[in-house]
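sequence first, predicted coordinates after that:
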Amino acid sequence: MAVEDRVRSPCVSICALDERDVCIGCQRTSDEILRWTSMTNCERKAVLGKVAEREQEVAL
């Protein structure tokens, strides 16, 4: 798979974990961040779905 076909990281270079072990910048857990480079596109899309849910929780 070409690099340009891979699902991009949601990293925004604001790297700090909160008390829930979730990055305040990209809303991924530390485990998701560590595993990102070895994930398939399907796995990455699933993480991005969780990221969207976490962003909604923070917005409330």
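All right, it came through fine.

please give me every residue in contact with the residue nearest the centre of the chain.
Central residue of the chain (CA atoms, centre = their mean): residue 28, 3.8 Å from the mean position. If you count contacts by CB atoms under 8 Å, 6 or more residues apart in numbering, residue 28 has them with 10, 22, 36, 47, 50-51. Glycine gets a C-beta too; all of them are placed from N, C-alpha and C.

rerun at 6 Å
With CB atoms under 6 Å, 6 or more residues apart in numbering as the criterion, no residue contacts residue 28.

longest helix anywhere in this structure?
Counting by DSSP state H, the longest helix found in the chain is helix 41-59.

ok, residue 22 - how many residues close by?
Other residues lying near residue 22 total 21 when counted by other CB atoms under 10 Å.

who's it bridged to?
Beta bridges link residue 22 to residue 29 when assigned by DSSP bridges.

how near is it to residue 41?
22 Å (CB to CB, to the nearest Å).

for residue 44, which non-adjacent residue is spatially closest?
residue 7 (3.9 Å; CB to CB, 6 or more residues apart in numbering).

ok, the one you found - contacts?
Counted by CB under 6 Å, 6+ apart, residue 7 has contacts 41, 44-45.

top of those by number of neighbours, please.
That'd be residue 44 among these, by other CB under 10 Å, with 19 neighbours.

export the lowest-mean-pLDDT helix or strand in the chain as CSV, just CAs?
None of the helices or strands of the chain scores lower by mean pLDDT, DSSP states H and E than helix 41-59, at a mean of 94. C-alpha atoms of helix 41-59 as CSV (Å, rounded to 0.1, in the frame of the first residue of the first chain):
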residue,chain,number,x,y,z
ASN,A,41,-6.4,1.1,7.6
CYS,A,42,-9.5,-0.6,9.0
GLU,A,43,-8.1,-0.5,12.6
ARG,A,44,-7.1,3.2,12.1
LYS,A,45,-10.6,4.0,10.9
ALA,A,46,-12.1,2.3,14.0
VAL,A,47,-9.8,4.4,16.2
LEU,A,48,-10.8,7.6,14.4
GLY,A,49,-14.4,6.7,15.2
LYS,A,50,-13.5,6.4,18.8
VAL,A,51,-11.6,9.7,18.6
ALA,A,52,-14.8,11.4,17.2
GLU,A,53,-16.8,10.0,20.1
ARG,A,54,-14.2,11.3,22.6
GLU,A,55,-14.2,14.7,21.0
GLN,A,56,-18.0,14.9,21.4
GLU,A,57,-17.7,14.0,25.1
VAL,A,58,-15.1,16.7,25.6
ALA,A,59,-17.3,19.3,23.9
